[in-house]
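Trainee: Predicted model and sequence below, questions to follow.
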Protein chains: 2
Amino acid sequence: MAASAATAELRSETSAIERLIEVTRADMARVNDMILARAQSHVDMVPELARYLIESGGKRLRPMLVVAAAQLFGEANGAEVNFAAAIEFLHNATLLHDDVVDESDMRRGRPAARMVWGNQASVLVGDFLLGQAFMMMVETGELPALSVIAKASTVIAEGEVFQLAKTGDLSTTPADYEEVIRAKTATLFEAATEIGAMAGGADAAGRQALRAYGLALGTAFQLADDVLDYRGEAGTMGKNAGDDLREGKMTLPLILALNEASAEERATIAGVLGNADAPDSGLGEVIAIFNRYRTLERTVEVAEGHANAAREALRNLPNSEMRALLGEIAEFSVGRAY
Amino acid sequence: MAASAATAELRSETSAIERLIEVTRADMARVNDMILARAQSHVDMVPELARYLIESGGKRLRPMLVVAAAQLFGEANGAEVNFAAAIEFLHNATLLHDDVVDESDMRRGRPAARMVWGNQASVLVGDFLLGQAFMMMVETGELPALSVIAKASTVIAEGEVFQLAKTGDLSTTPADYEEVIRAKTATLFEAATEIGAMAGGADAAGRQALRAYGLALGTAFQLADDVLDYRGEAGTMGKNAGDDLREGKMTLPLILALNEASAEERATIAGVLGNADAPDSGLGEVIAIFNRYRTLERTVEVAEGHANAAREALRNLPNSEMRALLGEIAEFSVGRAY
């Protein structure tokens, strides 16, 4: 009894993400070994650059979700280790390419790889990581999961192109934005939890539930990120506050503000949007407009709706500690933005 | 008899590449349909950019080799259409990324895609084409061929990084160069003929023969390209003469010249190498040094050795018109450089 109470107390004091780290620790040790092994190459610059990024302190949330989804169904066959490492490589490949596309200076709190090794190496090492991700998938022999990953990598690229096409476009609608974040972010979460479920022996309904969970979770996660970009100090996200604005990225807080802004406010926003050298005072003026229309708060509310949908997607699965934890992870994904 | 003589005469007057086009025409019509269909996307910029590159008049040598290798073994199962389209997508993805990495202005005789849509879209549409290439492979359900492609895409990226690391490095050896062209060019030819053979029902020995053929053919092809870069008028390759020199690319004509050059000649080369704005007169001085040491001719001789190895690789296969034609394609790949 005393021990149980202590455990409960410990639980309440421990964040969902810390518990996810704990329950996936053994599997993630194998995943991390594979990640390091597959970042190797006889071409020195490949592992140097890859490891600089991969070891830079990301939480590895996506591969943890693969492993957690496999554990949820209890019949993990070992493929989840390859799947998780592949998801992390795919994620890091898109980060390398994104930083080139966005001309980002910072990533995870330190200079982006492109600032150290250049855009050229970042493009090519991204391609290497993509190839290795597919190799790890192929080695499992699991064609249905391979199909999920191949499709996801295509959709992610499409989403990035769509976002690029919409850069600085003041007429971007909330529906456009939803399409962008669904493709560029939520698709990878969806793929992670779906193939995790497959590795865990899920039936069709279980697979579909984890698919829906991942999609909603990833959407909530990106919405929270987009709020954090305006709220956070540089340290929180490892990027600079207001980067999205300076890069001309049309995220929901901005789109909602433009929908209600006066002509004068629109002009203020247009003057800063996509201006890489915009001063912090310009950013401050835009955030003041956001505050007038509560667009950061409203974006968090939209994120909460998706987090609820993520929890809801798991409702028909058998009750378990892991199911509860995945529900809390959905809450956590939004909680970051407060 | 008269008809046969006429056919023979026609044959002697028709180049190997024209005959390859002819014998693969029916299959390539299906391949081209698939290429166009899979370049589609609801994001307009994706098909615009992809089709600009794909329809820009490349010979589609690599997908033709897939189809030809399948025909050689006579039991094509239909997978060769997907394989061929996937190889072409993989090739075009690397071209898009290469042009960004090399800051190339021209490709296939017109402005590179990055000059029209920008570097950002070129990186992302390259990623899209890579994803689609894997989708087409996955749809065949042929895991061994998928493994070949996944491995090839990794090796190609490694080769590009190695080439980047060696850019402008006067101490680059012929062995370094061989490693670069094996990885960045010959690997894709090797994969194309190997998976073509697999789709055609080749046994292990047949698969190995086509693998060796493709590797040697691709090596000969790249050596000839590297000679053409110095010899060709801009029109021949759709690029500018001397691009490799201005980009600092260490190709064999240059490496052989550096091995024998006087201190003064090395200084002349170093003054032009990697200098994007080097005048044509500087290029002329370097070519004069090449001529002094016959390095373009010697590079063609190395290419001929690989073309011979390609023909030799097919020697133990049953004699057939297709086998003879593939042998002639190896000759053709070098003949371009004369």
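Mentor: Nice, I can see it.

Trainee: Could I get the full set of strands for chain A?
Mentor: Assigned by DSSP state E, the strands in chain A fall at A:106-107, A:110-111.

Trainee: For the stretch 1-150 of chain A, which residues are neighbours of chain B?
Mentor: A:41-46, A:94, A:97, A:100-101, A:119-121, A:123-125, A:127-128, A:130-132, A:134-135, A:137-139, A:141, A:143, A:146-147, A:149-150 (Cβ under 8 Å from any Cβ of the partner chain). Heads up, the C-betas are built off the backbone N, CA and C, glycines and all.

Trainee: List buried members of the residues you listed by neighbour count.
Mentor: Buried subset of these (neighbour count, 16 or more other Cβ atoms under 10 Å in any protein chain shown): A:41, A:43, A:45-46, A:94, A:97, A:100-101, A:119-121, A:123-125, A:127-128, A:130-132, A:134-135, A:137-138, A:143, A:146-147, A:149-150.

Trainee: quick one: average confidence on stretch A:62-69?
Mentor: In this model, stretch A:62-69 has a mean pLDDT of 98.

Trainee: likewise stretch A:161-178?
Mentor: Here the average pLDDT along stretch A:161-178 is 96.

Trainee: Tell me who's in contact with the closest residue to residue A:82 other than its chain neighbours.
Mentor: Distances taken as Cβ to Cβ, 6 or more residues apart in numbering or on different chains put residue A:136 closest to residue A:82, at 4.4 Å, once the chain neighbours are dropped. By Cβ atoms under 8 Å, 6 or more residues apart in numbering or on different chains, the residues touching residue A:136 are A:34, A:38, A:82-83, A:85-86, A:89.

Trainee: JSON lines please, covering those and showing neighbour count and distance to residue B:205.
Mentor: Below are the contacts of residue A:136 laid out as JSON lines (neighbours: other Cβ atoms under 10 Å in any protein chain shown; distance: Cβ to Cβ, whole Å):
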{"residue": "A:34", "neighbour count": "19", "distance to residue B:205": "34"}
{"residue": "A:38", "neighbour count": "23", "distance to residue B:205": "31"}
{"residue": "A:82", "neighbour count": "25", "distance to residue B:205": "31"}
{"residue": "A:83", "neighbour count": "32", "distance to residue B:205": "35"}
{"residue": "A:85", "neighbour count": "26", "distance to residue B:205": "35"}
{"residue": "A:86", "neighbour count": "33", "distance to residue B:205": "33"}
{"residue": "A:89", "neighbour count": "28", "distance to residue B:205": "35"}
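
Trainee: Extract the CA atoms of stretch A:142-162 and return them as CSV.
Mentor: The C-alpha coordinates for stretch A:142-162 follow below in CSV (Å, rounded to 0.1, in the frame of the first residue of the first chain):
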residue,chain,number,x,y,z
GLU,A,142,7.5,-5.8,-43.8
LEU,A,143,6.0,-4.5,-47.1
PRO,A,144,2.9,-2.9,-45.6
ALA,A,145,5.0,-0.8,-43.2
LEU,A,146,7.4,0.0,-46.0
SER,A,147,4.4,1.3,-48.0
VAL,A,148,3.3,3.5,-45.1
ILE,A,149,6.8,5.0,-44.9
ALA,A,150,7.2,5.5,-48.7
LYS,A,151,3.9,7.2,-48.8
ALA,A,152,4.7,9.4,-45.8
SER,A,153,8.0,10.6,-47.3
THR,A,154,6.1,11.6,-50.4
VAL,A,155,3.4,13.4,-48.6
ILE,A,156,5.8,15.2,-46.3
ALA,A,157,7.7,16.6,-49.3
GLU,A,158,4.5,17.7,-51.0
GLY,A,159,3.5,19.5,-47.8
GLU,A,160,6.8,21.3,-47.7
VAL,A,161,6.4,22.4,-51.3
PHE,A,162,2.9,23.6,-50.5
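
Trainee: and of the contacts of residue A:136, the nearest to chain B?
Mentor: Checking the contacts of residue A:136 against chain B with Cβ to the nearest Cβ, the nearest one is residue A:38 at 9.4 Å.

Trainee: Which pLDDT does the model give residue A:336?
Mentor: Residue-level pLDDT assigned to residue A:336 equals 83.

Trainee: now it: how far from residue A:242?
Mentor: 18 Å (Cβ to Cβ, to the nearest Å).

Trainee: Which one's more surrounded, these two?
Mentor: residue A:242 (20 against 17; other Cβ atoms under 10 Å in any protein chain shown).

Trainee: Now for the closest residue in space to residue A:126 that isn't next to it in sequence: which residues touch it?
Mentor: Nearest residue to residue A:126, sequence neighbours excluded (Cβ to Cβ, 6+ apart): residue A:96, at 3.8 Å. Counting by Cβ under 8 Å, 6+ apart, residue A:96 touches A:49, A:53, A:113-114, A:122-123, A:125-126, A:129.

Trainee: give me the residue from the stretch 1-150 of chain A nearest chain B.
Mentor: Nearest residue of the stretch 1-150 of chain A to chain B, counting by Cβ to the nearest Cβ: residue A:131, 3.3 Å away.

Trainee: Can you name the residues that contact that residue?
Mentor: B:150-157.

Trainee: quick revisit: in helices only, show me the residues of the stretch 1-150 of chain A next to chain B.
Mentor: Counting by DSSP state H, the residues of the stretch 1-150 of chain A next to chain B place A:45-46, A:94, A:97, A:100-101, A:119-121, A:123-125, A:127-128, A:130-132, A:134-135, A:137-139, A:143, A:146-147, A:149-150 in helices.

Trainee: so can I have a markdown table of the contacts of residue A:136 showing pLDDT?
Mentor: Compiled in a markdown table, those are given as follows (pLDDT from 0 to 100):
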| residue | pLDDT |
| --- | --- |
| A:34 | 97 |
| A:38 | 97 |
| A:82 | 98 |
| A:83 | 98 |
| A:85 | 98 |
| A:86 | 98 |
| A:89 | 97 |
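
Trainee: what two of the residues you listed are the furthest from one another?
Mentor: Using Cβ to Cβ, the two most remote members of the contacts of residue A:136 are A:38 and A:83, lying 13.0 Å apart.

Trainee: For chain B, what's its nearest residue on the stretch 201-338 of chain A.
Mentor: Closest point on the stretch 201-338 of chain A to chain B, by Cβ to the nearest Cβ, is residue A:247, at 10.9 Å.

Trainee: Look up how far residue B:82 lies from the closest residue to that residue other than its chain neighbours.
Mentor: Once flanking residues are discounted, residue A:247 sits nearest to residue A:102: 5.3 Å by Cβ to Cβ, 6+ apart. Distance of residue A:102 to residue B:82, given as Cβ to Cβ: 34 Å.

Trainee: Residue A:108 now?
Mentor: Taking Cβ to Cβ, one finds residue A:108 at 38 Å from residue B:82.

Trainee: Same question for residue A:299.
Mentor: 42 Å.

Trainee: which residues touch the residue nearest in space to the middle of chain A?
Mentor: For chain A, the residue nearest the mean C-alpha position is residue A:185 (5.4 Å; Cα atoms, centre = their mean). Neighbour list for residue A:185: A:159, A:218-219, A:221-222, A:225 [criterion: Cβ under 8 Å, 6+ apart].

Trainee: Which of the residues you listed sits closest to residue A:181?
Mentor: residue A:222 (4.3 Å).

Trainee: Contact partners for the closest one?
Mentor: A:181, A:184-186.

Trainee: One more pass at 7 Å, please.
Mentor: A:181, A:185-186 (Cβ atoms under 7 Å, 6 or more residues apart in numbering or on different chains).

Trainee: Near residue A:259, how many other residues are there?
Mentor: Residue A:259: 11 neighbours (other Cβ under 10 Å).

Trainee: Residue A:264 too?
Mentor: Neighbours of residue A:264 (other Cβ under 10 Å): 8.

Trainee: For the residue nearest to residue A:247, give me the pLDDT.
Mentor: Residue A:102 is given a pLDDT of 85.
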